[in-house]
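Okay, predicted coordinates and the sequence, questions at the end:
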Amino acid sequence: MERTELRKRGLLDQKDLEILDALDQLGGNATAQEISEFLSSKNPEQNYPARTIRYRVSMLTERGILLPQFLQTHERRIGLGEGILLVQEGGSMSEVLERVARNIPIFYWFFPTIGQFNGLMIHTIHDVQSPDMIHNIARVMIETGLIKDYSFFDIVDYATKSVDFRYYQPEGGWDWNWKRWYNNIQSNLQEQRANPFVLQEDQPLFECDEVDITILKHMKINPNVSMRELASITQAPLPEVRERVQKLRENGVIRGSKRAYGLIGELLWVSCFLRMNDNVGGVMQCIRELPFPGGILMHDNERYCVQLGLDADDLKPFLEGLRMMGSFLDSYSIQIHLADRVEAHYLDMFDYFDKEEKRWKIPVEEYLRMITKKK
C-alpha cells in the first residue's frame, strides 16, 4: 500500500491520532467512555465527548485505518508452542518449497524473506513436549533438497510494542528525530537497566481440557463473544464458563485485546535477531523508545527477535542505531519481510487438541511423508 492511500481515505487529524494512541494504551476493547476519560485526564483543556469518540472510531474503522480488535493469547502456557523457521531456499526448488509449505498445516503463515537467509520466514506451531518437532521437519527438508540450511527461533514469550502516535504525521509517515535517538542509545547503554518489556523465560504449563480450548478458540474468533454464547457453544454452565475464562486470564493464557491499524500495511517490516552479551535492559530500552509498531519475541534471556514496521526511509538510520549497540551484541542478523504468501490460519491449530488424552497431537510423521514424496 502506498502512502498516498491514506490521502485517498481522507487525512487523519490530531484527535484521530489521539484516539488511536488511547486504544493502543487502553486495549482494543476500550469503550468510547473509557477513551473519553483517558484523553480528558491527559488534556483537561480539551473536550472529548464519548459520542464524538464513538463517531470517530466508527469512521476510522469504515476508512480501514482502525482494524478489528483481536485477542492476545499465549498458547505456550497450554502446551502449544510457536516459533519462526527461517529456511534457505535450495536453488531451483523454490516453487516446490512454497507448495510443500502451503500443505503443512502447522506452517500457518509464511512469506519470502531476504537477509542472512534468503528463502522463507515461516511462522509455525509445535507441541512443547516434543521440542525437536520442527528441527526434524527441517532436517528432512534438507535431505530432500528443498532447503540448504535453516534456523529455528522458539518463542517462549512475547510483548507487543506500543505505537507512539505523537510522532505519526496526519498526512502519513513518521517525524522521528534519529540524532536524538542516537544520543539516547549512548546514555541508555552507559549503565545496567531493567528490561522495559516484561518477559519470562520460564513458562509454567496450565492444565486445560477441551472446554478451555473451545472457549479460547471462540474468544479468538470473536473477542466480543459473550459468556452466555460461550456457555451455549461448550454446553457448560454459565458460572463455570466465567470461572474458566477468569483462570485463563489469571494464568497468562489470555492477555487482553489489541487493535491493528491500516497504516501498518504501508510499512517495511524487518525482523532483527539479536544475541546479547550484556545490558539486555539497556538495548531493549533503546528499542522501546522507537515510535514504530512492532513486537518483541523472546527465545531466552540472551536471544530476542525485534520486529518493526518502518517507512523505507527510516530503515537506514535504524540500522545505523543498531550498529551503535554492536558492542553489547554477540551477534545480530536482519531479515526483511516480503509480501505474504498465505493468509494466516492459526485458529486451525486448536483442532490438534486431543480431548481424551488432554494433550496436543500433531501428525508429524504425516508431514515428513509429504515432504519426502514432494516429487
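Sure thing, it's come through.

What number of residues are in the vicinity of the spatially closest residue to E18 that is not a sequence neighbour?
Counting by Cβ to Cβ, 6 or more residues apart in numbering, L39 is the residue found nearest to E18 once chain neighbours are left out, at 5.7 Å. For the C-beta atoms, the positions are set from N, CA and C on the backbone; glycine is no exception. L39 sits with 19 neighbouring residues when counted by other Cβ atoms under 10 Å.

L39 reaches N47, doesn't it?
No: taking Cβ atoms under 8 Å as the contact criterion, L39 and N47 are not neighbours in contact, 9.6 Å apart.

just to revisit the earlier point, check for me that the residue nearest to E18 belongs to a strand.
No: with DSSP: H, G, I helix; E, B strand; the rest coil as the criterion, L39 is helix rather than part of a strand.

Would you mind measuring from it to S187?
Per Cβ to Cβ, to the nearest Å, L39 is found 31 Å from S187.

Could you do Y108 as well?
Remark: distance between Y108 and S187 (Cβ to Cβ) = 41 Å.

Looking at those two now, which is surrounded by more residues?
Set side by side, Y108 and S187 show more neighbours around Y108, with 19 against 11, by other Cβ under 10 Å.

buried set for the host helix or strand of I185?
Secondary structure assigned from DSSP states H and E places I185 in helix 178-188. For helix 178-188, the neighbour count (16 or more other Cβ atoms under 10 Å) marks W181, I185, N188 as buried.

Need the residues you listed in TSV (columns: pLDDT and distance to T234).
Formatted as TSV, the buried residues of helix 178-188 follow (pLDDT from 0 to 100; distance: Cβ to Cβ, whole Å):
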residue	pLDDT	distance to T234
W181	97	49
I185	95	50
N188	91	48
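
List the residues that contact the most centrally placed residue in the chain.
In the chain, the residue lying closest to the centroid (Cα atoms, centre = their mean) is G295, at 5.5 Å. Applying Cβ atoms under 8 Å, 6 or more residues apart in numbering to G295 gives the contacts Y158, A159, T160, K161, V306, Q307.

number of nearby residues for the fourth one?
If I follow you right, that is K161. Based on other Cβ under 10 Å, the number of other residues close to K161 is 21.

Is it bridged to anything, and to what?
Counting by DSSP bridges, K161 is bridged to G294.

ok, it - contacts?
K161 makes contacts with F197, I287, R288, L290, F292, P293, G294, G295, I296, L308, as judged by Cβ under 8 Å, 6+ apart.

which SS class is the second one?
Classification of I287 using three-state DSSP returns helix.

Quick one: residues contacting it.
Residues in contact with I287, defined by Cβ under 8 Å, 6+ apart, are K161, I296, V306.

chain center to the strand or helix carrying H126, what's the gap?
With secondary structure defined by DSSP H and E, H126 is part of strand 119-127. Per Cα atoms, centre = their mean, to the nearest Å, the displacement of strand 119-127 from the mean C-alpha position of its chain is 13 Å.

Would you mind pulling the contact partners of that strand?
In this structure, residues lying in contact with strand 119-127 by Cβ under 8 Å, 6+ apart are 75, 79-89, 94, 97-98, 101, 106-113, 133-134, 147, 271, 335, 337, 341, 344, 346, 349, 359-362.

tell me the mean pLDDT over it?
Strand 119-127 comes out with an average pLDDT of 95.

so after it, what's the next helix or strand?
From strand 119-127, the next helix or strand downstream (DSSP H and E) is helix 133-143.

Off-centre distance for the helix or strand just after that next one?
Next along the chain after helix 133-143, taking DSSP H and E as the criterion, comes strand 147-155. On the basis of Cα atoms, centre = their mean, strand 147-155 sits 18 Å off its chain's mean C-alpha point.

what comes up buried for strand 147-155?
In terms of neighbour count (16+ other Cβ under 10 Å), strand 147-155 has its buried residues at I147, K148, Y150, F152, F153, D154, I155.

what about the spatially closest residue to the fifth one that is not a sequence neighbour, is that helix, strand or coil?
Taking Cβ to Cβ, 6+ apart as the measure, F153 lies nearest to I84, with 4.4 Å between them; neighbours along the chain are not counted. Recorded secondary structure, I84: strand (three-state DSSP).
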